[in-house]
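[1] what follows is a predicted protein model with its sequence.
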Amino acid sequence: MSDSTRVVTATVVVATCDRPAMMQSVVESILAAAAIPAELIIVDQSTLAHPAPWSAEGCEVRYVHSTIRSLSRANNLAARLAAHEVLVFTHDDVLVGPDWLEALTDRIDTDRPRTVVTGRVVATDPEVDGGFAPALNISTEPRSYRGRVGYDVLKPMNFAICRAWFEEVGGFDERLGPGTIFPGAEDSDFGFRLLEAGSTLEYVPAAVVRHRAWRDGRAYLPLRWQYGVAQGAFYAKHLTRHDLHMLGRMRDDVRRRAVSFPGRLRRERSRALGDPLFVIGNVVGGARWRRQRRGERRQGRRDASARS
């Protein structure tokens with residue numbers, strides 16, 4: 001550690017699965033930054049463990065191998081294990097900026113735990129032919145969000161939160177996210193629940209991570225389908241007869257995609273097809289979520305009847 005390196009009293013969480021080279025790269029970027037965390041927890045859900053002798057003065061690096069594959073479970077596990085009150089989450093396929101950790105945590109105040117800070121996500125240059133990175137937020141304008149925003153504002157690979165508030169809101173829903181039958185939308189769900197519970201979400205563009213463009217073009221449409229199914233499950237989870245907010249969000253999203261579709265079709269024909277695929281996935285995911293919940297309720301009634 002150089003004389004200018006600052007140690008931030010926070011726990012950084014990196015979840016990874018079967019991407020050891022990427023895991024190595026993100027850890028190196030975290031430990032080489034101008035500010036490093038007092039604790040770094042790596043939850044590795046790979047088939048084989050990939051521990052490495054990472055070290056940095058002032059930072060305790062903890063490697064945890066888990067055979068359960070679920071990004072939400074990995075994040076929740078790390079939150080339970082964390083030694084510090086400030087939690088910072090990122091993913092294995094990003095590279096953090098030199099001032100990333102300071103920019104995120106400087107806005108966190110444990111005396112006002114309901115403030116959650118999220119940052120900018122930009123793509124690296126393509127690493128493969130046609131490479132792309134999803135889930136970007138390239139805005140350079142700071143923003144503050146409260147209440148019902150109407151769209152997703154939390155980026156799961158770049159946010160900081162107080163652990164007490166993370167636990168009070170309930171952490172990530174382990175039925176959503178990569179590793180589940182709804183392989184995404186864990187960030188949509190968690191961000192929505194944070195705002196519903198009274199959070200202020202601060203967008204700090206100075207807190208930059210670079211999302212690696214390692215997926216090739218063939219992965220684009222399958223990924224849009226997976227994200228659409230997961231987003232549909234998220235809509236169904238929060239849609240009730242007494243609160244139609246999610247129905248409005250889905251309608252507005254479909255409208256935005258329909259308006260932009262003709263232009264996208266002219267500019268990028270193959271990728272434009274991801275928009276209708278995403279919308280169809282919403283319908284499938286919503287129906288699948290409701291069917292699964294009905295099955296769980298029936299099983300719960302059978303279990304209760306067997307115990308009585």
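    That came through fine.
[2] hang on, N137 packs against R143?
    No - N137 lies out of contact with R143 (Cβ atoms under 8 Å); the separation is 9.9 Å. The way it works is simple: take the backbone N, C-alpha and C, and place the C-beta from them, glycine included.
[3] mind listing the shared neighbours of the two?
    Residues touching both N137 and R143 by Cβ atoms under 8 Å, 6 or more residues apart in numbering: Y203.
[4] could you pull out the helices for the stretch 151-300 of the chain?
    Remark: helices assigned in the stretch 151-300 of the chain by DSSP state H, counting those that start in this stretch are 163-169, 186-196, 220-238, 245-267, 269-272, 274-307.
[5] more neighbours, N137 and R143?
    Taking neighbours as other Cβ atoms under 10 Å, N137 and R143 compare with N137 leading, 18 against 14.
[6] beta-bridge partners for that one, please?
    Beta-bridge partners of N137, counted by DSSP bridges, are V121.
[7] please tell me how far it sits from E296.
    With distances taken as Cβ to Cβ, to the nearest Å, N137 is found 34 Å from E296.
[8] list the buried residues in stretch 64-77.
    Going by neighbour count (16 or more other Cβ atoms under 10 Å), the buried part of stretch 64-77 is V64, S66, S70, L71, S72, R73, A74, N75, N76, L77.
[9] can you check stretch 149-169 too?
    Buried residues in stretch 149-169 (16+ other Cβ under 10 Å): 152-163, 165-166, 169.
[10] which member of these is positioned nearest L244?
    The shortest approach to L244 among these belongs to D152, at 18.4 Å (Cβ to Cβ).
[11] what's that closest one sitting at in phi/psi?
    phi -80, psi 130 (degrees, to the nearest 10).
[12] surely it is in contact with S188?
    Yes - the criterion here is Cβ under 8 Å, and D152 meets it with S188 at 4.7 Å.
[13] quick check: end-to-end length of stretch 121-139?
    Start and end residues of stretch 121-139 are separated by 9 Å (Cα to Cα, to the nearest Å).
[14] next one: stretch 124-144
    Stretch 124-144: ends 26 Å apart by Cα to Cα.
[15] likewise stretch 79-93?
    Termini of stretch 79-93 sit 20 Å apart (Cα to Cα).
[16] again, but for stretch 240-247
    9 Å.
[17] how far off centre is it?
    Computed by Cα atoms, centre = their mean, to the nearest Å, the chain-centroid distance of stretch 240-247 equals 24 Å.
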